[in-house]
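Peer 1: what's the 3D shape of this:
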Amino acid sequence: MTKRIEFVFLLLVLSVLSPKAQTYYYKMKSYGTTGNEHTNVSGGQFLTFQAAICMETNKDGESVGHGYLKRNAKSPNTYMGSAYWGNTTKFLFSSDKSTLKVLAPDGTIYHYVRSTPPAGATTCSLLKSKSSKNTPTYIPGAGGTPIQKPQKCGICYGSGKCSQCNGTGISSFGHKHMCGGCGGSGKCGTCAGSGYSGTVTEYIY
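Peer 2: Modelled structure (predicted):
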């Protein structure tokens, strides 16, 4: 009986000491790469913090299934882990967590600012489709108006250049010869040089 009381008391102590989860809405301000930034954007993500964990959630703090990011012990405003953008996503917050910079695995940088969620928004604007294993797509985040936008190629990151020869069409391994990756065209084989590999649907609130 004494052990049972001690166990219950320990649970009560842990519940008091464990930090309460906090959920905030971060509105997207821009995305892109250096010199190629897009500012005509919309939508945002709900992020929930608890202890050393951060994850994308709905407005009630429930996970949307993207995984979670862990705080860097040496850099408390940096979180790394799994998110909408992939398993090696990095979140860089300002000291007061009012702004967020997302470093996606493909090199794209997303800028967010903490704000009041728009009326009717109940979950993240960026959600992985359940039918998609590796390619994330936009699906409704409650009340948004869909618009189609080009999807930047994940191989050349929008440059349109062959990743093996950097667009020269010539490979220099050992001696100069025609690049086997692009057949000498210098174009990315995935997007045929367009820099885009399809479209995504973004929801405007």
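Peer 1: Read off the pLDDT value for the closest residue to C165 other than its chain neighbours.
Peer 2: For C165, ignoring the flanking residues on the chain, the nearest one in space by Cβ to Cβ, 6 or more residues apart in numbering is C179 at 3.9 Å. Using the backbone N, CA and C atoms, a C-beta is placed for each residue, glycine as well. Model confidence at C179, given as pLDDT, is 80.
Peer 1: count of residues packed around C179?
Peer 2: Using other Cβ atoms under 10 Å, C179 is surrounded by 21 other residues.
Peer 1: Repeat that for L100.
Peer 2: Neighbours of L100 (other Cβ under 10 Å): 25.
Peer 1: Likewise for A73?
Peer 2: Using other Cβ under 10 Å: A73 sits among 8 other residues.
Peer 1: where do the helices sit along this protein?
Peer 2: Taking DSSP state H to define them, one finds helices in the chain at 2-17.
Peer 1: so where is it shaky, pLDDT-wise?
Peer 2: 1-19, 129-149, 151, 154, 172-175, 197-205 (pLDDT under 70).
Peer 1: So which elements touch the lengthiest strand in it?
Peer 2: When the chain is parsed with DSSP state E, its longest strand is strand 22-33. Packing contacts for strand 22-33, counted by 3 or more Cβ pairs under 8 Å, 6 or more residues apart in numbering; DSSP states H and E, involve strand 36-38, strand 44-50, strand 109-115.
Peer 1: counting contacts, what elements does the shortest one pack onto?
Peer 2: With contacts taken as 3+ Cβ pairs under 8 Å, 6+ apart, strand 36-38 sits against strand 22-33.
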